[in-house]
Structures are given as C-alpha cells and as structure tokens.
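[1] Here is a sequence with its predicted model. Questions after.
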Amino acid sequence: MPSSVISTTYYDSSTATLRIIYLSGAVYDYLNVPEKVFTAMRKAISKGSFLNKYIKGYYEFKKIN
C-alpha cells in the first residue's frame, strides 16, 4: 500500500542506516537501525505509522535534504 507520507525507503546494512525520502522531498537518515526493524517496516500496512511508533524518537537521525 502506498504511503501518504513516505516516498521511498532505503537500507544500508553495512552502516545500519535507514534512509527515508518523504513525499515532501525531505530526506532523513536514521542511524543504527537494526535490519529487523527495516524488514518489519517494509511489511507494515502503514509505513508512516510504523515510522512514528518504532523509529522516530528511538534512533538518532540526520537531515540530508
């Protein structure tokens, strides 16, 4: 199901970095995210809800764009 907030997600397993590209064009890297969290997010019905509940506030992030 397409997200109303998230355009694309990428995961770099070598650095445990989750990149979220929002529909607004903003790009954030969430750091030290376990691969199992990324896998669970990909399976979630609502990617935005998952992001808010399990990633934001739990993992350090950097705004890229």
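    Received it, and whenever you're ready, just let me know what you need.
[2] now the strands for the protein?
    6-12, 17-22, 27-30, 61-63 (DSSP state E).
[3] Make CSV from these and add mean pLDDT, mean neighbour count and distance to residue 37 to it.
    In this view, the C-beta of every residue, glycine as well, is placed from N, C-alpha and C. Shown next, in CSV, are those (pLDDT from 0 to 100; neighbours: other Cβ atoms under 10 Å; distance: least, Cβ to Cβ, whole Å):
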stretch, mean pLDDT, mean neighbour count, distance to residue 37
strand 6-12, 96, 14, 9
strand 17-22, 97, 19, 8
strand 27-30, 98, 18, 9
strand 61-63, 98, 12, 13
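[4] what's the closest of these to residue 42?
    strand 6-12 (7.3 Å; Cβ to Cβ).
[5] what packs against that closest one?
    Contacts defined by 3 or more Cβ pairs under 8 Å, 6 or more residues apart in numbering; DSSP states H and E place strand 6-12 against strand 17-22, helix 35-43, helix 47-50.
[6] from what I can see residue 27 touches residue 17, true?
    No. Here residue 27 lies out of contact with residue 17, judged by Cβ atoms under 8 Å, at a distance of 11.7 Å.
[7] gap between residue 33 and residue 54?
    9 Å (Cβ to Cβ, to the nearest Å).
[8] ugh, wrong one, residue 37
    Distance from residue 37 to residue 54, by Cβ to Cβ: 6 Å.
[9] These two: which has the busier surroundings?
    Between residue 37 and residue 54, residue 37 has the larger neighbour count (other Cβ atoms under 10 Å), namely 19 against 15.
[10] how much space between that one and residue 29?
    14 Å.
[11] partners of the residue most central in space within the chain in the sheet?
    Central residue of the chain (Cα atoms, centre = their mean): residue 20, 4.5 Å from the mean position. Residue 20 has the following beta-bridge partners by DSSP bridges: residue 9, residue 28.
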